[in-house]
Each structure stands twice: as structure tokens, then as C-alpha cells.
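*Asks:* Provided below are the primary sequence and the corresponding predicted coordinates.
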Amino acid sequence: MSTIYYTKTDEAPALATQSFLPIVQAFVKNAGIEVVTKDISLAGRIIAQFPERLKENQRISDDLAVLGTLATKPDTNIIKLPNISASVPQLKEAIAELQSMGYALPNYPDQPANDLEKEIKAHYDKVKGSAVNPVLREGNSDRRAPKAVKNYAKKNPHKMGAWSADSKTSVLTMSIGDFKSNERSISIEKPTQISIRLVDKQGQKHPLKPAFSLLAGEIIDASVMEISALSKFLTESIAQCKKEGVLFSLHMKATMMKVSDPIIFGVAVQTYFSEVFAQYGDLLKGAQPNDGLASILSYIDGLEDQQKEELLKAINQTIANGPDIAMVNSSQGITNLHVPSDVIIDASMPAMIRNGGKMWDKNNRERDTIAVIPDSSYASIYQATIDFCKAHGAFDPTTMGTVPNVGLMAQKAEEYGSHDKTFQIEHAGTVEVIDENTSEVLLSHSVEKGDIWRMCQVKEAPILDWVQLAVARARATMVPAVFWLDKARAHDAQVIKKVEKYLATMDIKGLELPIMDPYSATIYTLERLKQGKDTISVSGNVLRDYLTDLFPILEVGTSAKMLSIVPLMQGGGLFETGAGGSAPKHVEQFVEQGHLRWDSLGEFMALVVSLEYEAEKNNNKKAAILAEALDKATEKFLDLDKSPGREPGELDNRGSHYYIAQYWSEALSVQDKDEELSTHFKPIAQQLIQSEKKILNELTATAHHKQDLGGYYKPDAKKLDAALRPSQLLNEIIASI
């Protein structure tokens, strides 16, 4: 019996799994495959951190660690759904919910006062932000829009907002004092150990990170975000938005960049409300600006009535006097500054560009926007796209090309592996990276109190694997594969040396493999995209995230329908179900209206390639037939438009699962490669077809009715099953498979 590991995650994907997974398990067991779930949800990750505090029946295994080990094995087959990359407010909400369920978990200590609280915070810090991906991604990514999805988008183009040449929308980013401008980078020639320390201005040494090992050929880089430069930049940005009469909108990634970006977000909140903090600083000492305006308002709500009234008046006055803030939810008054996890740059910027460069103000009107992106490392890709759209107008989804991506992410490559080496500086002085074997200072920066210093690293083996994957994709498609690397950036300059060295040893005759800085690469790619031509983007880790949202959102309206294959470096396979996050608004709608509009197309496509991997790895002919049949079923699913509608009463996610089961069984019943499978699935297909009306009636019976899941981060299993599998007839047919 072979095993596919299927991740249990959060929010909308987790609800969809409850409906879809029984179908998957029933079908694939006919090929001798068992589908086993592993819980990497935020709640599951939290519970696994504190077994000694919990009752025996509450303890669970650390499935993330288990999957991390499996990802280094040669035969592992993992299907990974989107999970919450938790910000601190989300983490606190999940802890509170679990505590209300009887889990004796400690509170999250914002400012640890003793060793115990430091230990508790360290455990929670393993859970928040990008806790999952660096553990599982033991390979580089091959992410693209499948042909069936691209063809569907061409036949059924999504709405694109019109662009005007005189649009005031633009990007503001730092030119000095940020991570990009302060970056220093070197390659390590031979294995060694390094440590990180802060030497204050009195000469006292403060250890930041004890000695850890580096491999030969590893690239390390370090940089600092200067808080004084950041504050100055944000002050000027806010003033410019006010002067130009456009929306102020902050775009960051406070979930994945879980140490640095919440601090930067907090500085933005304090800068926008600088007059409030200047006048009422003593009253706001206990507030947490890094958690956003919503957290500050919650803190104020606990103050005495007079203090509360004064502060709220001052906040409202600041908003009235300042530039209008882009809204996350105009009807509920939720601004771009309310919660750091509400506006994630890789999704929010493409959505704004697709909408003609406009976001929504407090009156729910669309307006031009200045997108404030403090660190300039990748801001240029958005400015380039805005410049291009102003000059050439909106893209046409019916004619535009496609931009697949080959992404360097294996073994915690680059920024997403920097969290344990990112620090907010407590004393002015110098941060030094020390070679423990020679006592040589490898990298150093002068820092001031409050600055954010970080060190990133990328091993040589993942870079070689990444270049090989890029060349393989270029050869398979015969389209240009562009390395998005900036020779003027310290880290990229080191990577370019390795890329050029590897390419010189490979057969690349007839292939176009240019190296371009991100702005130039964006313009080059957009020009080809407009002409209907395809271009492979070959990029580093964070930029991979940005590009695999930007282009799919422009091309097909969403990044959730991307096919993401991660050939693990030790021989296994990780198949991700597309980008797009975990869709909290979908959960809200399901709870309130009994309608789940999450689209599981990504799961269907990931399952196809997972089955193909199983077929090839273990010579499993039945798995190959199941994969081929599911691929045909998915095409039919798209052609007949069985994706979920947006409103209650329309087909929803559960109805989509019924149709994919019908089309899958139908494809299996008519294939002629395996008589046993066709004979087995013929009556199943007939039952599903004949029972269509009754099954759909049972599935849509929950529409317009509130649903009780028994929990948000940790739903009750029985309630979840009742809500997501409401068709008794469908359940019986699936069970009979």
C-alpha cells in the first residue's frame, strides 16, 4: 500500500477538505493508495507545542515535524493545501479559542518578563508566520497555470479594470536605509561555523545567535532596516498621499516575514497616528501598534470612559485630517492599517493592478492609490507593471500569454529562512557576523536602537537544483527563461556568479536564458505577455511568491488555480494546491449563509500530478489511469463551468465535489486500459448521474442558513462533517466505492 500525505490546514481549504477528502480516499484505494492526513493547521501547530500542559486525550503529534522529516525521504508524496501564516493577532485569537475549549495553554507574552515567558514565546514563535513552508519545501518550485485553466480563462475572461494614462496610482519605496540598500553578501568557501553578536558603543558584546554551521559554497547576506530612515520615508509618503488626494495604502507581508514586517507595520501605524502618540503616549504604553489599529482600539476600549473618549476623538481627527486610507472593508470601517495580516502584498498589489490601479475608500468608492512598500527589494516589479498599464492599458485575458515560475526556495533559501536571524536592535553599536574558526568578522553593520537587522542564507545545492530545473523547463517549453537577478544588489550578485558558473557546464544550446534586474525583467515579460507570448520567470524565494500571484491574477483572475509542483531534492514530491491564501472571508460566508465558494480546482490538479508521481515512482498502472481520468474530469468540470458561484443558492464547493466525482467515475468507466477499474466504476458513475437532482437538493439545503462549526481555528469534527457532507445519498455512494 502506497501513501499520499494530505495536509489538514485552516479556514476555507480545511472546510473543502472535509467534503473532498472522502471522495479522494474512496477513488484512490482502488489503486492500492492510502491517503493519510497530517495536521499542520494553526491550532494543530499550537497544540503540538505544549504536550506537557495538556491532558492525554488533548495531545497530538507534531505533524509538521513529521512531514518535515518525510520531505527528506526519497518516496514521500505530499499534497499541501494553503495554511494560515499567522500574524500575532491571529495567533492570540487561536490561543483564546483553544483555551475556551479547555486547553490549558499559556497566553502569548508580547514582552517576556522572565525566562519562563521567554520560553513560552519561543514555542509560539515556532508557530507563527511562515512556520510551515520552510519545513516542507525541501525542493524548488515549478508553478504554472495548467492548460485547461488557461484555456478556460481565454473563453471566459475575468473582469479587468480600465487603466488611464493620467492615473495617479504609483508605488513609493525607500531608496536609502532599507534592506536592499544596506545589503552585504559573501559566499563561504569552506565549511565553518558562524555566530552573530551586537557590540554596543561601550564595547560590550551581546550574543544574538550562538554558533551554527555553514556549508561550503553557501551564500550569506546581512542587512539592516534603519528605523529613522523608515520613519522619515513613511512621514513623507503620508504627506504625498494627502497632497495628491489619493489613497494611502501600505503593502507588506507581515505573515511570512513574521519578525521584520510586523515591526515595520507598527512603525507605519505610529507614523500615521504620530500626533495621537505624541499627545497620549503615556496612555498608550500598553498598546501594541505592531498588531495594527484594531489592536490599539481594543486596548483603548479597556480604558476609563473619559480617556477612551479623548483617544477615539483624537484618532478620528487624525484620520479626518490625513490622507484617506485604503479600506479592507468599507462597510465595517476596516482600514488598511487595522490588522497586519489583512493586506498581503503578493495578493493585494495584483488585485489593485487588475482593478485599474484603484482601491476602495471609506465610502466604498474606487480611487487612485499610492502603494507604500517600504523595502525596495522587489517594489520595482509593481512600479514596472503600473508604468506598463498606464502606457498600454489593461491586459486582455483572451489573448495574453502566460508566465510560469521556477522558484528558488529549497532548504529555507533566502528571506523566508531569515526569521531566527532577524533582530530588533536594543542598543546602538555594530552587529557582526563572526567566523568561529578564524574570529574574522565576515559581515557587519552600524546600527541604532530600534533598527531591524537580519541575515539570510542559501545553500549551494538548492541553487544548482534551481538552475537545472530552469534549464529543464526552458528546454521542455522552448520559451525564454529569465533569471530575475539584479547585479546591483549584493545578494543577487553572488547568485549570478553561481548561475553563470552552472550554465557554463550545461547543454543550453538553443535556449534563451537572460539575466535581468526585476524592473527590466517585468517590462520584458509584460511586453511578451501583451503579444500572447509565454515567458518563464526564474526567481528567488520571496519574488517567487510575488510573481506567482501577480501574473496568474492578471491572466486567470486568481492564483488559487495554479499548479505547483515541488520536486523534492531527495527524490520525493510535494504538490501544492496553488496560492491564494486560506480565504477567511469564505468561512465567514459559509457560517453566515451556508455557502462555501472556495474553489477546489487546485486540489484536483495537485491530485493529478500526485497520482502521476505515484504511477511513475512505483510503476502503479492503476494510479496512472486514475490520474488520466481525473485530468479529463477536470477539463469537463471547467468546460461545463461547475466551479462554485459566489452567492447562496448557486452551486458551491460541495456541489463542485459532487460533479468532479461524477466526471471522474465516468472517465474511469469508459477507459479501456484496465477492465477491472472500468467495471468497478460503471455502476458508480450511473448512480451519480441518476441521483444528480436529489444530491444537489441535499447539498443546497443549507443555503441561506447559518452553520455551527463549533470553532473557527479548531472546528468540532462532528459539526464539521454534518455541515460539509450534508448529502446522505452522496455519502452512501462514495462509501460503496
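*Replies:* Structure's in. What do you need?

*Asks:* other SSEs contacting the strand or helix carrying residue 625?
*Replies:* Element membership of residue 625 [criterion: DSSP states H and E] is helix 621-639. Where contact means 3 or more Cβ pairs under 8 Å, 6 or more residues apart in numbering; DSSP states H and E, helix 621-639 is packed against helix 11-28, helix 147-155, helix 601-618, helix 653-670, helix 675-690. For glycine as for every other residue, the C-beta is placed from the backbone atoms N, C-alpha and C.

*Asks:* would you list these in TSV and tack on distance to residue 468 and mean neighbour count?
*Replies:* Shown next, in TSV, are the helices and strands packed on helix 621-639 (distance: least, Cβ to Cβ, whole Å; neighbours: other Cβ atoms under 10 Å):
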stretch	distance to residue 468	mean neighbour count
helix 11-28	31	24
helix 147-155	24	18
helix 601-618	18	23
helix 653-670	34	24
helix 675-690	36	16
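
*Asks:* looking at these, which is closest to residue 64?
*Replies:* Shortest distance between residue 64 and the helices and strands packed on helix 621-639, using Cβ to Cβ, is found for helix 11-28: 15.1 Å.

*Asks:* convert the C-alpha atoms of that closest one to PDB, please.
*Replies:* In PDB, the C-alpha atoms belonging to helix 11-28 read as follows (Å, rounded to 0.1, in the frame of the first residue of the first chain):
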ATOM      1  CA  GLU A  11     -10.200  28.100   7.100                       C
ATOM      2  CA  ALA A  12     -11.800  27.500   3.700                       C
ATOM      3  CA  PRO A  13      -9.300  24.800   2.400                       C
ATOM      4  CA  ALA A  14      -9.900  22.900   5.600                       C
ATOM      5  CA  LEU A  15     -13.700  23.000   5.100                       C
ATOM      6  CA  ALA A  16     -13.300  21.900   1.500                       C
ATOM      7  CA  THR A  17     -11.100  19.000   2.600                       C
ATOM      8  CA  GLN A  18     -13.900  17.700   4.800                       C
ATOM      9  CA  SER A  19     -16.000  17.400   1.700                       C
ATOM     10  CA  PHE A  20     -13.500  16.300  -0.900                       C
ATOM     11  CA  LEU A  21     -11.100  14.000   1.000                       C
ATOM     12  CA  PRO A  22     -13.600  11.100   1.500                       C
ATOM     13  CA  ILE A  23     -14.100  11.100  -2.300                       C
ATOM     14  CA  VAL A  24     -10.300  11.000  -2.900                       C
ATOM     15  CA  GLN A  25      -9.800   8.200  -0.400                       C
ATOM     16  CA  ALA A  26     -12.600   6.100  -2.000                       C
ATOM     17  CA  PHE A  27     -11.300   6.500  -5.500                       C
ATOM     18  CA  VAL A  28      -7.500   6.000  -5.000                       C
END
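
*Asks:* now that helix: average pLDDT?
*Replies:* Per-residue pLDDT values over helix 11-28 give a mean of 97.

*Asks:* which other helices and strands does it contact?
*Replies:* Using 3+ Cβ pairs under 8 Å, 6+ apart: helix 11-28 touches strand 2-8, strand 33-39, helix 584-593, helix 601-618, helix 621-639, helix 653-670, helix 717-724, helix 728-736.

*Asks:* and the second one, average pLDDT?
*Replies:* Per-residue pLDDT over strand 33-39 has a mean of 98.

*Asks:* could you do the last one as well?
*Replies:* Mean per-residue pLDDT for helix 728-736: 98.

*Asks:* go on, stretch 52-65?
*Replies:* 96.

*Asks:* repeat for stretch 101-118
*Replies:* 94.

*Asks:* enumerate the positions of it that are buried.
*Replies:* 103, 105-106, 108, 117 (16 or more other Cβ atoms under 10 Å).

*Asks:* from those residues, which land in helices?
*Replies:* Among these, DSSP state H puts residue 117 in helices.

*Asks:* which among the buried residues of stretch 101-118 gets closest to residue 196?
*Replies:* residue 117 (23.0 Å).

*Asks:* now do the nearest residue to that closest one once chain neighbours are set aside against residue 553, distance only.
*Replies:* Leaving aside its sequence neighbours, residue 117 sits nearest to residue 109 (Cβ to Cβ, 6 or more residues apart in numbering; 4.1 Å). Counting by Cβ to Cβ, to the nearest Å, the separation of residue 109 from residue 553 is 38 Å.

*Asks:* quick one on the thing from earlier: how about the buried residues of stretch 101-118 in TSV, adding distance to residue 652?
*Replies:* As requested, the buried residues of stretch 101-118 are arranged in TSV below (distance: Cβ to Cβ, whole Å):
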residue	distance to residue 652
103	32
105	34
106	39
108	35
117	44
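
*Asks:* tell me the one of the buried residues of stretch 101-118 nearest residue 706?
*Replies:* residue 103 (25.6 Å).

*Asks:* tell me the secondary structure for the closest residue to residue 610 other than its chain neighbours?
*Replies:* Closest residue to residue 610 apart from its sequence neighbours, by Cβ to Cβ, 6+ apart: residue 575 at 4.7 Å. Following DSSP: H, G, I helix; E, B strand; the rest coil, we place residue 575 in the strand state.

*Asks:* list the contacts for residue 575?
*Replies:* If you count contacts by Cβ atoms under 8 Å, 6 or more residues apart in numbering, residue 575 has them with 77-80, 564-566, 606-607, 609-610, 613.

*Asks:* from these, which is closest to residue 658?
*Replies:* residue 607 (16.2 Å).

*Asks:* surely the closest one touches residue 79?
*Replies:* Yes - in this structure, residue 607 is within contact of residue 79 by Cβ atoms under 8 Å, at 6.5 Å.

*Asks:* mind listing the helices for the stretch 401-550 of the chain?
*Replies:* Remark: helices assigned in the stretch 401-550 of the chain by DSSP state H, counting those that start in this stretch are 460-477, 490-503, 518-530, 541-556.

*Asks:* highest mean neighbour count out of these?
*Replies:* Highest mean neighbour count among the helices of the stretch 401-550 of the chain (mean count of other Cβ atoms under 10 Å): helix 541-556, with a mean of 26.

*Asks:* report all helices and strands that it contacts.
*Replies:* Under the contact definition 3+ Cβ pairs under 8 Å, 6+ apart, helix 541-556 sits against strand 141-144, helix 147-155, helix 345-354, helix 379-392, strand 405-407, helix 518-530, strand 536-539.

*Asks:* for the last one, give me every contacting residue.
*Replies:* The contact list for strand 536-539, computed with Cβ under 8 Å, 6+ apart, reads 403-408, 466, 470, 473-474, 477, 479-484, 521, 525, 547, 551.

*Asks:* partner strands of it, parallel or antiparallel?
*Replies:* When pairing is defined by DSSP bridges, strand 536-539 lines up against strand 405-407 (parallel), strand 481-484 (parallel).

*Asks:* those: which one's closest to residue 377?
*Replies:* When those are compared (using Cβ to Cβ), the closest one is strand 481-484, at 11.5 Å.

*Asks:* run the chain-centre distance for that closest one.
*Replies:* Offset of strand 481-484 from its chain centre (Cα atoms, centre = their mean, to the nearest Å): 22 Å.

*Asks:* what of stretch 115-127?
*Replies:* Relative to its chain's centre, stretch 115-127 lies at 24 Å (Cα atoms, centre = their mean).
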